[in-house]
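Peer 1: here you go, sequence then predicted model.
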Amino acid sequence: MSRPCAVCESTASDLKLSVRGHAILRCARCGFEWVDPPPTAAELAAFYDDESYYDGCDAGYAHYEADEAGHRRLARRRLDRLQRAAARGRLVDLGCGPGFFVEEAIRRGWSATGVEISAPMRARCAGRGLPVLPGEDATAAALGQVDVVTMWEYIEHVRDPAGELRRVAAFLRPGGLLALSTPNVAHRLARSAPLRWPEYKPPAHLSFFDARTLARLLERTGFAVLEVRHTVPAFGLDGLSTRLVEGLGRACGTGRDRRTRWWWLYSAAYRVQALPARAAALVRPAPFSLGLEVTARRA
């Protein structure tokens, strides 16, 4: 028997699809989707301890640390938004990876700590002198209550998202801020051509939210939702333009790999081919936005 829905606790669900031998179910009542059964805690620990997850795994990232500059730019934009809603204080970043967001927060004057299941990524953080802990239990014991918790591209990775949010509420002070991001399962590919949607990638991703189911889960686990933002994709309306731009990058180089003097053609084409999707997302954000970003306060 499948697990109840984490969002509405319904036991009625249907098989949406199967990916890499993992069944993805869809709740018949609220539309939340999840992998069932999930990997065990030990299986997940082994999966994230394999460094290929961050560098070449088909269920992970192609070259996570090679795009450090991009990750840091995104971290700074997110900190700008956070600081409009919360004063600088004690911040915990769950699933911090190599610690780019933590380091940018410390530079802004936050007392920031990372939490990361992956031993190789914790070693990266420690090597740069960043405070990092191996799990939430350690976070609560070491820090007590904190002012802000961030979960960037994290909630989709956990086995029990409702339980995870309740644990976050236990060490986030009353009135404290939660900020998170996650893929948007209302994206048109997830609905019309799910095998082409890049975010169906178990065992890395185990939960799949749209704006409505994510807000409902947050409210059910003790949070008041302040804002739900649809984030605009960085690629075109279909896979053809993306494949053409990627081919140009292989032939000419990119901003990170300037092996020919024509690398700038890739950068220009990358920006141009994204314009139709960005325009469409202004009119219909749900089907044309790949991600969600949410801010909420602990009630």
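Peer 2: Right, received. Where do you want to start?

Peer 1: tell me what the longest helix along the chain is packed against?
Peer 2: Looking across the chain with DSSP state H, the single longest helix is helix 263-283. Counting contacts by 3 or more C-beta pairs under 8 Å, 6 or more residues apart in numbering; DSSP states H and E, helix 263-283 packs against helix 239-252, helix 285-288. Just so you know, the C-beta spots here come from the backbone N, C-alpha and C atoms, and that holds for glycine as well.

Peer 1: relative to helix 263-283, how tilted is the longest one?
Peer 2: Going back to what we said before, that points to helix 239-252. 160 degrees (axes from the mean of the first three to the mean of the last three C-alpha atoms, to 10 degrees).

Peer 1: quick one on the thing from earlier: which one, of the helices and strands packed on helix 263-283, ends up nearest to Leu94?
Peer 2: helix 285-288 (25.8 Å; C-beta to C-beta).

Peer 1: ok, which stretches of the stretch 1-150 of the chain are helices?
Peer 2: 41-49, 68-85, 100-107, 119-127, 136-143 (DSSP state H, counting those that start in this stretch).

Peer 1: of those helices, which is nearest Pro198?
Peer 2: Of the helices of the stretch 1-150 of the chain, nearest to Pro198 by C-beta to C-beta is helix 68-85, at 17.0 Å.

Peer 1: pull out the buried positions in that closest one.
Peer 2: Of the residues in helix 68-85, His71, Leu74, Ala75, Arg78, Leu79, Leu82 count as buried by neighbour count, 16 or more other C-beta atoms under 10 Å.

Peer 1: could you find the closest non-adjacent residue to the first one?
Peer 2: Sequence neighbours aside, Phe100 is the residue nearest to His71 in space, at 4.6 Å (criterion: C-beta to C-beta, 6 or more residues apart in numbering).

Peer 1: burial of that neighbour, as a residue count?
Peer 2: The local packing of Phe100 (other C-beta atoms under 10 Å) involves 28 other residues.

Peer 1: which residues does it contact?
Peer 2: Taking C-beta atoms under 8 Å, 6 or more residues apart in numbering, we find Phe100 in contact with Glu68, His71, Arg72, Ala75.

Peer 1: returning to what we had before: which of the helices and strands packed on helix 263-283 has the lowest average pLDDT?
Peer 2: Lowest mean pLDDT of the helices and strands packed on helix 263-283: helix 239-252, a mean of 75.

Peer 1: which residues does that one contact?
Peer 2: Applying C-beta under 8 Å, 6+ apart, the contact partners of helix 239-252 are Arg196, Phe235, Gly236, Asp257, Thr260, Trp262, Trp263, Leu265, Tyr266, Ala269, Tyr270, Gln273.

Peer 1: could these be laid out in TSV, adding distance to Ala179 and neighbour count?
Peer 2: Output for the contacts of helix 239-252, formatted as TSV (distance: C-beta to C-beta, whole Å; neighbours: other C-beta atoms under 10 Å):
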residue	distance to Ala179	neighbour count
Arg196	29	11
Phe235	24	16
Gly236	28	21
Asp257	32	13
Thr260	40	12
Trp262	39	12
Trp263	34	17
Leu265	36	17
Tyr266	32	23
Ala269	33	18
Tyr270	27	20
Gln273	30	20
